[in-house]
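build me a structure from this.
(chains A and B)
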Amino acid sequence: MADVMLEVRDLTTKYITRYKEDVYAVDHVSLKVEEGKTLGIAGESGCGKSTLALSLMGYYFPPLHYTSGEIIIDGQNITGMKPDDVRKSILGREIAYIPQAAMNALNPTRKIIDFIGDVVRAHDPTWTKKMVHDHARSLFETLGLPAEVLQKYPVELSGGMKQRTVIAVAVTLSPKVLIADEPSSALDVTSQKMVIKMLRDMMESGFIKAMIFITHELPLLYNVADEIMVMYAGQIVEQGSSKQLVFDPLHPYSKGLMGSIIVPESGLRDVKLTAIPGTPPNLKNPPDGCRFAERCKYVRPECKVTSVMLNPAGYGRGYRCVVPEPELRRFYEHGE
Amino acid sequence: MNMASNKPLCLSGKGVTKIFGFGRTRTVAVDHVEFSFHEGEIVSIVGESGSGKTTLAKMLLGLISTTEGEIYFQGKLRDISSGKKKQEYWRNIQAIFQDPFSAYNTFHKIDAVLLDCIRMRGGGGLPREKKVELMTEACSFVNLKFAELTNKYPFELSGGQMQRLMIARIFLLKPKILIADEPTSMIDACSRATILDYLMKLRDETGMTLIFITHDIGLAYYVSDTVYIMEHGKIVESGTADNVILRPQQPYTKRLLNDVPKIYEEWDLSTV
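Have a look, this model is predicted:
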């Protein structure tokens, strides 16, 4: 078995609002990513995908607060470390994060090389200008980006190139784990493909060891991820290999989600898209029992009472529902 | 296959062109485009960002003028030269935009939004009960409860609810043509199906022409009878959805289809 690059045990984090209410956006999440694997996280907006990504870095700033759980990166437990230490020795080196809409975050008055210089010097202030330049050039060569870009300003780059540059800046110190939060959702299909290819190449050459890929675009996730986790209202409701999740979902929510996939392939026009009525629960006071019960077609009285646990291993197949698997399959087969 | 083409023409254009700026900043956004949309047809205009699809939509709506070319509405040359004629035209053509959050006036309650539509249809003099009845009917069409919405402001609704309310508006207005500019790109995948269902139901009930402007080629294939592919302001390929998407002829369409992630076929990453 390959080494586990990132392991998260029972992580819970919360937002504290202005009115001192606790909102548990990540609720007892466990996951494991092995070396060379990509873990995909799917879910609708507001389900906690991005909060999970932020929480995984172990660097919390208000209104996000750590509650419980452990984060272990390549054998090193980073929970309980001082925020400054996390920033200095973990972020960028062990784990890197590409936030959503990152390409719009580039300061328009600075050249690309300066962004790389910033990252490098934040970890080691002794680097000279020449060292930064040499490092940046070899980095861009490894990632297959043109070296001219380094001397350009962000406005001179196209959207796709900007996004790839942002990724290059994020992986400057070759982190072990890369968290990519919707890295391609603002791009055209062709630029999106280039970004995905770059990420894939980085994985294959071992430049980064493991990746967590967050998106709501399921066809893309299917092509990128080895394993997929579906998140709903702060909890993981189902996990499994990407094939299992897309073609054979078990949890009623994943089933609904996969039923909404649209791809330009023959046969799609005859498929009836499924919609999930209703909205996710308010996380300020989540319902007892299953959080999806309100919207579930197959709801039973015990759903609203018993809280169901996912299998705790953090990987492999698992789903969070009281209904046993054969019964669920029977429901789906009969379309009822 | 394409049954709609037997129906009368609803909207058509000849050599429609839009040029922004002049001299060094001259940009040809839409370049001599020809199209013909029939009554009750669902059409998709597909293109990447910057291909001019939204500019074309704005010209169809009469929000911006054309630089060259003519647009025909129901076979006759469209005349929107005066404000009154424009209003007349807008009774027949309406739009839903991408961002439901910015489509509403923040200071107007939801009742006001819907009452406006009733007034536009000439129902301004109806008694209050009749208006409420109409509004309730429109809301129940999109599975919203009017009683819960009344006295609320748009920001109190979720994105999906706002987009559904948009459709309720269209239901009240019953235009001949509806232009939907990326109607589902801001909402979640699982609410997307709902929105598409309502739009298609609306088409079936009222027989309106539905024009989707989208970059999502899968969505275009799913909903439309006819697909137009735009590249750099030109329409490079058009035809029935099955022909264009499953048997594309032009290299641009082929590339576009090749670059979309798929789930049944292999997604070839080597060709970028």
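
buried residues of the longest helix seen in chain B, list them for me.
Of all the segments of type helix in chain B, defined by DSSP state H, the longest one is helix B:189-206. Residues B:189-196, B:198-199, B:202-203, B:206 are the ones in helix B:189-206 that count as buried (16 or more other CB atoms under 10 Å in any protein chain shown). Bear in mind the C-beta positions are built from the backbone N, C-alpha and C, glycine included.

among the residues you listed, which are in reach of chain A?
Contacts with chain A within the buried residues of helix B:189-206, as defined by CB under 8 Å from any CB of the partner chain: B:189-194, B:196.

could those go into CSV alongside distance to A:K193 and pLDDT?
Below are these laid out as CSV (distance: CB to CB, whole Å; pLDDT from 0 to 100):
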residue, distance to A:K193, pLDDT
B:A189, 20, 74
B:C190, 25, 74
B:S191, 27, 78
B:R192, 22, 83
B:A193, 26, 84
B:T194, 29, 84
B:L196, 25, 88
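
of all the residues you listed, which comes closest to B:S49?
B:R192 (19.6 Å; CB to CB).

for that closest one, which non-adjacent residue is spatially closest?
Nearest in space to B:R192, with sequence neighbours left out and distances taken as CB to CB, 6 or more residues apart in numbering or on different chains, is B:T184 at 4.3 Å.

contacting residues for A:R269?
Going by CB atoms under 8 Å, 6 or more residues apart in numbering or on different chains, A:R269 touches B:221-222, B:241-242.

ok, and of those, which contact chain A?
Among the contacts of A:R269, the ones lying near chain A by CB under 8 Å from any CB are B:221-222, B:241-242.

and the furthest pair within those residues?
With CB to CB as the measure, no two of those lie farther apart than B:Y222 and B:D242, at 11.8 Å.

which one of the two has more residues nearby?
A direct count of neighbours by other CB atoms under 10 Å in any protein chain shown for B:Y222 and B:D242 places B:Y222 higher, at 22 against 15.

helix or strand: which one has that one?
Following DSSP states H and E, one finds B:Y222 within helix B:217-223.

so for that helix, mean pLDDT?
Averaged over helix B:217-223, pLDDT sits at 90.

and the contacts of it?
With contact meaning CB under 8 Å, 6+ apart, helix B:217-223 is reached by A:189, A:219, A:262-264, A:268-269, A:273, B:42, B:44, B:46, B:184, B:192, B:196, B:199-200, B:210, B:212, B:214, B:227, B:241, B:245, B:256-257, B:260.

of those residues, select the buried ones using a PyMOL command.
In PyMOL, a selection of the buried entries from the contacts of helix B:217-223 looks like this (16+ other CB under 10 Å):
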select buried, (chain A and resi 189+219+262+263+264+268+273) or (chain B and resi 42+44+46+184+192+196+199+210+212+214+227+241+245+256+257+260)
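
just the ones of the contacts of helix B:217-223 in helices?
Going by DSSP H, the helices hold A:189, A:219, B:192, B:196, B:199-200, B:241, B:256-257 from these.

quick one: low-confidence parts of chain B?
B:1-5 (pLDDT under 70).

quick check: residues of it near chain A?
B:48-49, B:143, B:158, B:160, B:188-194, B:196-197, B:215-222, B:241-242, B:245-246, B:255-257, B:259-265, B:267, B:269, B:272.

start to end distance for stretch A:31-38?
12 Å (CA to CA, to the nearest Å).

roughly how far out does it sit from the chain middle?
Centre-to-centre, stretch A:31-38 and its host chain are 12 Å apart (CA atoms, centre = their mean, to the nearest Å).

that stretch near chain B at all?
No. On the criterion CB under 8 Å from any CB, stretch A:31-38 is out of touch with chain B, staying 13.4 Å away.

what does that stretch contact?
Contacts of stretch A:31-38 (CB under 8 Å, 6+ apart): A:1-8, A:39, A:177, A:203, A:206, A:209-213, A:224-227, A:229, A:236, A:239, A:313-315.

and stretch A:64-79, by the same measure?
Residues outside stretch A:64-79 that contact it (CB under 8 Å, 6+ apart) are A:3-16, A:24-25, A:28-29, A:51, A:54-56, A:58, A:60, A:86, A:90, A:94-95, A:176-177, A:209.

quick one, strands of the stretch 51-200 of chain A?
A:64-73, A:76-77, A:95-98, A:177-181 (DSSP state E, counting those that start in this stretch).

could you do the stretch 51-200 of chain B as well?
B:68-73, B:76-77, B:93-96, B:177-181.

which residues touch the last one?
Strand B:177-181 is contacted by residues B:10-11, B:37, B:54, B:57, B:60-61, B:92-98, B:170, B:199, B:202, B:208-213 when judged by CB under 8 Å, 6+ apart.

from these, which would you call buried?
B:10-11, B:37, B:54, B:57, B:60-61, B:92-98, B:170, B:199, B:202, B:208-213.

looking at the ones next to chain A among the buried residues of helix B:189-206, which is nearest A:C47?
Among these, and counting by CB to CB, the member closest to A:C47 is B:C190, at 10.8 Å.

where do the helices of the chain begin and end?
Unless you meant another one, I'm taking chain A. Using DSSP H, helices in chain A cover A:49-56, A:83-85, A:112-123, A:129-143, A:159-170, A:189-204, A:218-224, A:242-247, A:252-258, A:325-333.

can you look at chain B instead?
Under DSSP H, chain B gives helices at B:53-61, B:83-90, B:110-120, B:128-141, B:146-149, B:159-173, B:189-206, B:217-223, B:241, B:251-259.

buried residues in the third one?
Read that as helix B:110-120. Neighbour-count burial for helix B:110-120 [16+ other CB under 10 Å]: B:110-111, B:113-115, B:117-118, B:120.

leaving out sequence neighbours, find the closest residue to A:A168.
Leaving aside its chain neighbours, A:A168 sits nearest to A:L143 (5.4 Å; criterion: CB to CB, 6+ apart).

in the stretch 1-150 of chain A, which residue sits closest to chain B?
When scored by CB to the nearest CB, the stretch 1-150 of chain A has A:E44 as its residue closest to chain B, at 4.0 Å.

quick check: closest non-adjacent residue to that residue.
Counting by CB to CB, 6+ apart, the residue nearest A:E44 is B:D188, at 4.0 Å.

need the contact list for that neighbour.
A:44-45, A:216, B:160.

and the furthest pair within these?
Going by CB to CB, the pair spanning these furthest: A:H216 and B:G160, at 13.7 Å.

neighbour count for these two, which is higher?
Neighbour count, other CB under 10 Å: between A:H216 and B:G160, B:G160 has more, with 22 against 19.

ok so, going back, what's the local residue count around the residue nearest to A:A168?
A count of nearby residues for A:L143, using other CB under 10 Å, gives 18.

pLDDT value on it, please?
On the pLDDT scale, A:L143 gets 89.

what residues are up against the residue nearest in space to the middle of chain A?
Residue closest to the mean C-alpha point of chain A, counted by CA atoms, centre = their mean, is A:I214 at 3.2 Å. With contacts defined as CB under 8 Å, 6+ apart, A:I214 is in contact with A:40-41, A:49-50, A:52-53, A:179-182.

closest to chain A out of the buried residues of helix B:110-120?
B:I110 (17.3 Å).

please tell me how far the closest residue in space to B:F20 that isn't next to it in sequence sits from A:H123.
For B:F20, ignoring the flanking residues on the chain, the nearest one in space by CB to CB, 6+ apart is B:T27 at 4.7 Å. B:T27 is 44 Å from A:H123, where distance means CB to CB, to the nearest Å.
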